[in-house]
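> fold the following, please.
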Amino acid sequence: MESKKYKVYVDGQAGTTGLQINERLLRHPFVDILKIDEDKRKDLATRKTLINEADVVFLCLPDAASLEAVSLLEPSNNRTKIIDASTAHRLHSNWTYGIPELSTASKEAIAHSNRTSVPGCYASAFILPLYPLVKEGLVPSYYPITSHGISGYSGAGKAVIAEYEASDCQTLYPYHSSPRPYALGLTHKHIPEMQQRVGLDFAPIFTPIICNYYKGLAVATPLHTRLLTQKLTPQDVHSFLAHYYKNQNFVKVMPFDKAKCLDSNFFNPIACNDTNMAELFVFGNDEQIMLYTRLDNLGKGASGAAIQNMNIMLGLDETISLI
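Numbering: from 1, shown residues only. Next comes the predicted model:
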């Protein structure tokens, strides 16, 4: 029997994430998209009507605007499900954090939630390999974690995208051709959720780097084996993660074989582009271990994760419109 059609409204549909979510919704067999006229996109009354009419609302807005959008929900409306792609609710105890692969309890919480926060792209890539290791006590919660991430420029928003794609980019922005580290005050907006969701005693040192390609993200987190709670080899960590995520549709632990995982000994950060996959890798030696995650910052790092969470919240197959 065919499932019912759900009314879905994307608030902020003109932004990068909103456009990507809309594309995925167009392929979804069980949704009808509620449209808003171009000249009404900032009209509170129109947005309020659509938000309360919808079965599911995606918020693809700056933090303050997301908070405002939630306030437009009628107090009596306990039907509409909200999925927020902003940072606004990621640490909020009344919102469910949207990485279903972390545990059975995580997926069940999403399934029973009316309020789900989509994780940050860097945060997802950081959390996926570390959470199980800390949860099982293999990496102590007090470990001084340092991590680095690289991403295509699409994650920086419309203004930065316009800079990189300007016809005279090399003249106006000559340094855009090289990788550019940022957030060097160690206050990147994803750090609080990284710490909270992994269960770390201290905030990790995290350095993001924007690169001159459109999308694709990789996060590298090194570990010293002497600081772990027991002696572990890279093979041990790989086996543990492979077992932990063995039944997941969208998290895959890649083979412990550099020849199969690297391109002439180089790591490819864009190999998951246009998918909702997160691929995990383990490299290293007896003294040091390197955890790597790659994903599409606009896919599993944003719109794909949002659609996956919607499917789970509606009781649908999580893979619909994602594979």
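
> okay, CA-based contacts and neighbour counts for the rest of this
Fine.

> list the buried residues for the longest helix along the chain?
The single longest helix within the chain, with elements called by DSSP state H, is helix 121-135. Neighbour counts using 16 or more other CA atoms under 10 Å place 121-134 of helix 121-135 among the buried residues.

> next SSE after that helix?
strand 146-152 (DSSP states H and E).

> counting by contacts, list what that next one packs against.
In terms of contacts (3 or more CA pairs under 8 Å, 6 or more residues apart in numbering; DSSP states H and E), strand 146-152 is packed against strand 205-211, strand 217-224.

> ok, and what's touching it?
Residues from elsewhere that reach strand 146-152 (CA atoms under 8 Å, 6 or more residues apart in numbering): 122, 126, 204-222, 269, 297.

> nearest to L91, out of the helices and strands packed on strand 146-152?
For these, proximity to L91 was assessed by CA to CA; strand 205-211 is nearest, at 18.1 Å.

> listing partners with orientation, what would you give for the closest one?
According to DSSP bridges, strand 205-211 has the following sheet partners: strand 146-152 (parallel), strand 180-181 (antiparallel).

> contact partners of the longest helix of the chain?
Here helix 121-135 makes contact (CA under 8 Å, 6+ apart) with 99, 102, 139-141, 147, 149, 190-191, 193-194, 197-200, 217-221, 241, 244, 278, 280, 291-295, 297-298, 300-302.

> any idea how far it is from the chain center?
Mean-position distance between helix 121-135 and its chain equals 11 Å (CA atoms, centre = their mean, to the nearest Å).

> what's the mean pLDDT across that helix?
Per-residue pLDDT over helix 121-135 has a mean of 99.

> with just CA atoms, put it into PDB.
Below are the C-alpha coordinates for helix 121-135, written out as PDB (Å, rounded to 0.1, in the frame of the first residue of the first chain):
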ATOM      1  CA  CYS A 121      29.500  19.000   8.600                       C
ATOM      2  CA  TYR A 122      32.900  19.100  10.400                       C
ATOM      3  CA  ALA A 123      31.200  17.800  13.500                       C
ATOM      4  CA  SER A 124      29.800  14.800  11.800                       C
ATOM      5  CA  ALA A 125      33.100  13.800  10.400                       C
ATOM      6  CA  PHE A 126      34.800  14.400  13.800                       C
ATOM      7  CA  ILE A 127      32.200  12.500  15.900                       C
ATOM      8  CA  LEU A 128      31.700   9.400  13.800                       C
ATOM      9  CA  PRO A 129      35.100   7.700  14.400                       C
ATOM     10  CA  LEU A 130      35.700   9.100  17.900                       C
ATOM     11  CA  TYR A 131      32.300   8.600  19.600                       C
ATOM     12  CA  PRO A 132      32.500   4.800  19.700                       C
ATOM     13  CA  LEU A 133      36.100   4.900  20.900                       C
ATOM     14  CA  VAL A 134      35.300   7.200  23.800                       C
ATOM     15  CA  LYS A 135      32.000   5.500  24.600                       C
END
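
> tell me the angle that helix makes with strand 217-224.
Following axes from the mean of the first three to the mean of the last three CA atoms, to 10 degrees, one obtains 30 degrees for the angle between helix 121-135 and strand 217-224.

> reformat the helices and strands packed on strand 146-152 as TSV; add distance to L232.
Below are the helices and strands packed on strand 146-152 laid out as TSV (distance: least, CA to CA, whole Å):
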stretch	distance to L232
strand 205-211	23
strand 217-224	10
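
> can you give me the helices in the stretch 1-150 of the chain?
Using DSSP state H, counting those that start in this stretch, the helices of the stretch 1-150 of the chain run over 16-26, 44-53, 63-71, 104-111, 121-135.

> about what we covered before: so which of the strands paired with strand 205-211 has the densest surroundings on average?
strand 146-152 (a mean of 21; mean count of other CA atoms under 10 Å).

> what's the PyMOL line that selects buried ones from the contacts of helix 121-135?
Filtering the contacts of helix 121-135 down to the buried ones (16+ other CA under 10 Å) takes a single PyMOL command:
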select buried, resi 99+102+139+140+141+147+149+190+191+193+194+197+198+199+200+217+218+219+220+221+241+244+278+280+291+292+293+294+295+297+298+300+301+302
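
> what residues does the worst-scoring helix or strand of the chain on mean pLDDT touch?
Across the helices and strands of the chain, mean confidence by mean pLDDT, DSSP states H and E is lowest for helix 258-261: a mean of 84. The contact list for helix 258-261 (CA under 8 Å, 6+ apart) reads 254-255, 265, 267, 283.

> tell me the first helix or strand C-terminal of it.
Using DSSP H and E, the helix or strand that follows helix 258-261 in sequence is strand 278-284.

> can you list the strands that that next one pairs with?
strand 251-253 (parallel), strand 288-295 (antiparallel).
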